[in-house]
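K.L.:
give me the fold of what follows.
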Amino acid sequence: MSTTTVANPSYRERVGYQAALRGGFALVAAALPEAGDRAILVTAPPQALVGQLAATMRTWVGDETVGTFYADKKQADRPVVIACNASVTKLRERLEEDGRRVALLICDEAHGTQGATLQAEIPKLDPAALVGFTATPFRSAPRESLELFESVFVRYTLADAVADGVLVPMRHERFRGFDPDSVDETCLAMMRVHAEGPGIVSAKSIEDADSYAAWLTERGFEAESIHSRHTGRQRRDKLERLRTGEVSALVHVSLLSEGVDLPWLRWL
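P.N.:
Below you'll find the model as predicted:
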C-alpha cells in the first residue's frame, strides 16, 4: 500500500511521518489538535466503506468526533466527516454554508480521485493538506493517473505487511490437470484441496455468480452469490453466514474487490 500526498512540508512535520505510516486513522488523530474549527474530511468510493471507516475512526478519536455524510446521514458539523465520493459536492456546499474550511482531506482508494466529482470538488474544498491512500498508485491507463497528487510520501509494501504479520507469506503451488474447457470443475478441485475456512470466488457476471454458487452447492460445497441485486441487509447477512461457517464461499462479481475489510477471510 502507498500513501500519496501534497501536504506542505511544515504541515508534514507537525502531523508526523510516523502517523502517516500507521495509516489514515492515526493521521486523523494526530491532525485533530492542529485543525481547530476546520474540518477533517475522509472520502471513500462506496457507501459501505464509509460506514466501515466511521466505525473504526470512532475507536481512535471518539464517537462524537466522527460524522458521516451520505444518503440521509448528513453530519457535516462534526470535527471529522467521512463521505462517499458521490456526496462530496453536497458536503462542500454544506461546509461553505457553515463557513468551515478544510484542514485535512484524506482520499481512501485514491485512484478514485480521477472521477469527475472529486476532480471538480477537491480544488474547491482547498484543503490545507491532501493525502491519498491506495494500493495502486501507479496506473497503466493515463486516465487513471493520480493527477491531484505530486509525490509518494509513505510506502507500505507487501514485504512490510508480511514482516508485521498483517499478511502471511505467499506460497506458490502448481496445480496439475487444468483443463481450459472445464474451469468450473478445476476451481472446485482446487477448493477441495486448498480451501479451508471462509473464502470468496470471483465470477464474470451476476448470472455467472448465481449459477456457479448453485453449481457448487449441488456438489457439496455450500456457496451463495452476493451482488448488487441483493439489498444491503441481504449482503450483510450473507457475509455473516460466511464468517460463521454456515456457507463455505460467496461468489461475487466485483462487490468484494475494493474497500472491503474481512480479516477473517482465508482464501480467494
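K.L.:
in the stretch 151-268 of the chain, what spans have low per-residue confidence?
P.N.:
177-178, 259 (pLDDT under 70).
K.L.:
now the strands for it?
P.N.:
For the stretch 151-268 of the chain, the strands defined by DSSP state E, counting those that start in this stretch cover 151-155, 199-202, 223-225, 249-252.
K.L.:
OK, contacts around Arg235?
P.N.:
226, 255 (Cβ atoms under 8 Å, 6 or more residues apart in numbering). The way it works is simple: take the backbone N, C-alpha and C, and place the C-beta from them, glycine included.
K.L.:
ditto for Leu41
P.N.:
Leu41 neighbours (Cβ under 8 Å, 6+ apart): 80-83, 91, 102, 104-106, 125, 127.
K.L.:
repeat that for 6 Å
P.N.:
Residues near Leu41 by Cβ atoms under 6 Å, 6 or more residues apart in numbering: 81, 102, 105.
K.L.:
pretty sure the last one sits in a helix.
P.N.:
Think Leu105. No - per DSSP: H, G, I helix; E, B strand; the rest coil, Leu105 lies outside any helix segment and is strand.
K.L.:
for it, which non-adjacent residue is spatially closest?
P.N.:
Of all residues not flanking Leu105 in the chain, Pro127 sits nearest, at 3.8 Å (Cβ to Cβ, 6 or more residues apart in numbering).
K.L.:
per-residue confidence for the one you found?
P.N.:
We have a pLDDT of 95 for Pro127.
K.L.:
wait, it touches Arg101, no?
P.N.:
No - contact between Pro127 and Arg101 fails when scored by Cβ atoms under 6 Å: they sit 8.3 Å apart.
K.L.:
which one's more surrounded, these two?
P.N.:
In terms of neighbours (other Cβ atoms under 10 Å), Pro127 is the more surrounded of Pro127 and Arg101; the figures are 20 against 15.
K.L.:
now do the phi/psi pair for the more buried one.
P.N.:
phi -70, psi 150 (degrees, to the nearest 10).
K.L.:
what's the answer for Gly24, then?
P.N.:
The phi/psi pair for Gly24 (degrees, to the nearest 10) is phi -60, psi -30.
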